[in-house]
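**Q** Below is the sequence, then the predicted model.
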Amino acid sequence: MDAMTNPELRIDLRQLVFAIAHAIDLVGVDDFFHGRRVGMMAAELGKLLGFDSEVCGTIYEAGLLHDCGVSSTRVHRRLVEELEWEGQQAHCDRGYALLLSYPPLAHLAEFVLHHHRRWSALQDDGIDPQVALISNLIHLADRVDVLAAPHYADRTLLSQVAQIRDRIAACSGMLFAPRLVELFLVATGNEAFWLRLSPDSVRQYQDDVAHQARPTVLSWVDFKGCADLFARIIDAKSSFTVEHSFGVARLARFLAECVGLPGVRCEMVEVAGLLHDIGKLQIPDEILESPKALSQEEFASRRASSRSPTYSKRWRRTGRIAARSTPRRSCAISSSASRPGSSMPRSSSWLGCTSKPA
Ligand SMILES: [Fe+2]
Ligand SMILES: [Fe+2]
């Protein structure tokens, strides 16, 4: 039995979406919850709009992945500091292309494409009404989170609620659909809406969604396609590393074949190569592209952030995706991720696979 047909090598699609979302969250460097908060707010407003649970699940996933076209911390900073800016459409186009190229998630592509477009432009361009509404819902949730984000850490959010509501209300009809703004104002009149944006609530929400979902099992071929998607997100981090993950994957697979590994192992080695630099996403562009050696402070700060409990926990969860589906033969998704910027897995895994060679 080869990797393509091995029933043990199966992955739940929603867990895979969560894994991609975690990788995207890394680009936020210190803010790990942007995508999850956006997904949660959009899905909850979607419920109030009357969408059924399946559509709300799709809205949540689109919210989780809405910024999958952002690999650069520089771009991410602009997106969370300004309500609108000139270059914002580039990451939407990129995210659209990424998702469209991966059939299991292609249905989310259009929402990502339009998630920064003004409501008035969506109307002028005759976009499908439901696509326009959901995209605009994600846009609204995204901008609410940007306005709220500076106030999460010091717990001053509740004192800023009136200003945030006023800013959103002022954009009705231009940036956002009037119907969505009205709904937002009703929902956010209740303090509970804002209290649910805390990290614990956001995590709990994701766990609840995971338990509610009907599992959609992916084949190894689809999982490998997802590793390709990850690799493109990782390689887009820097113009100096374009195609780097693909090069490592090809070379690693070639070496695996040269030493006579069975086909299944060669497949796993290739996937581990595609994912080996995933931790790099969290490193600020300035540090990654600096021609100078890291200062003691920069090195210490990177080590500290990569070893924070939140970070480690998130990647343990990611690693379980493969482990759950294939108890004895999991790829080392998490081992390289535990060391940002590392090009070698930290664990004692053998060529990126946690199982012993046959
Ligand atoms: Fe965005
Ligand atoms: Fe965003």
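**A** Nice, thanks for sending it over. Ligands and ions are numbered 1, 2, ... in the order given.

**Q** Every contact and neighbour count from this point should use C-alpha atoms.
**A** Will do.

**Q** quick one, domains of the protein?
**A** Annotated domains of the chain cover 11-212, 220-338 [automatic domain parsing].

**Q** Mean confidence (pLDDT) on the shortest one, please.
**A** Okay, so that is domain 220-338. The average pLDDT for domain 220-338 rounds to 71.

**Q** cool, stretch 189-209 as well?
**A** Rounded mean pLDDT across stretch 189-209 is 94.

**Q** hang on, the earlier thing: would you list the domains of the chain in JSON lines and tack on mean neighbour count?
**A** Formatted as JSON lines, the domains of the chain follow (neighbours: other C-alpha atoms under 10 Å):
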{"stretch": "domain 11-212", "mean neighbour count": "19"}
{"stretch": "domain 220-338", "mean neighbour count": "19"}
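
**Q** from what I can see, L83 looks like it's in a strand, true?
**A** No - using DSSP: H, G, I helix; E, B strand; the rest coil, the secondary structure at L83 is coil, not a strand.

**Q** how much space between it and F246?
**A** Separation of L83 from F246 (C-alpha to C-alpha, to the nearest Å): 35 Å.

**Q** Please apply the same query to H76.
**A** Taking C-alpha to C-alpha, one finds H76 at 24 Å from F246.

**Q** What of M41?
**A** 36 Å.

**Q** what's next to the longest helix seen in the chain, contact-wise?
**A** In the chain, assigned by DSSP state H, the helix with the most residues is helix 129-148. Outside helix 129-148, the residues that touch it by C-alpha atoms under 8 Å, 6 or more residues apart in numbering are 34, 37-39, 41-42, 45-46, 59, 62-63, 66, 80-83, 110-112, 114-119, 122-123, 157, 160, 164, 168, 176-177, 180.

**Q** packing partners for the helix or strand containing L274?
**A** Using DSSP states H and E, L274 sits in helix 263-275. The contact analysis (3 or more C-alpha pairs under 8 Å, 6 or more residues apart in numbering; DSSP states H and E) places helix 263-275 against helix 220-235, helix 244-258, helix 333-337.

**Q** Distance to D52 added to those, as CSV?
**A** Output for the helices and strands packed on helix 263-275, formatted as CSV (distance: least, C-alpha to C-alpha, whole Å):
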stretch, distance to D52
helix 220-235, 27
helix 244-258, 39
helix 333-337, 34
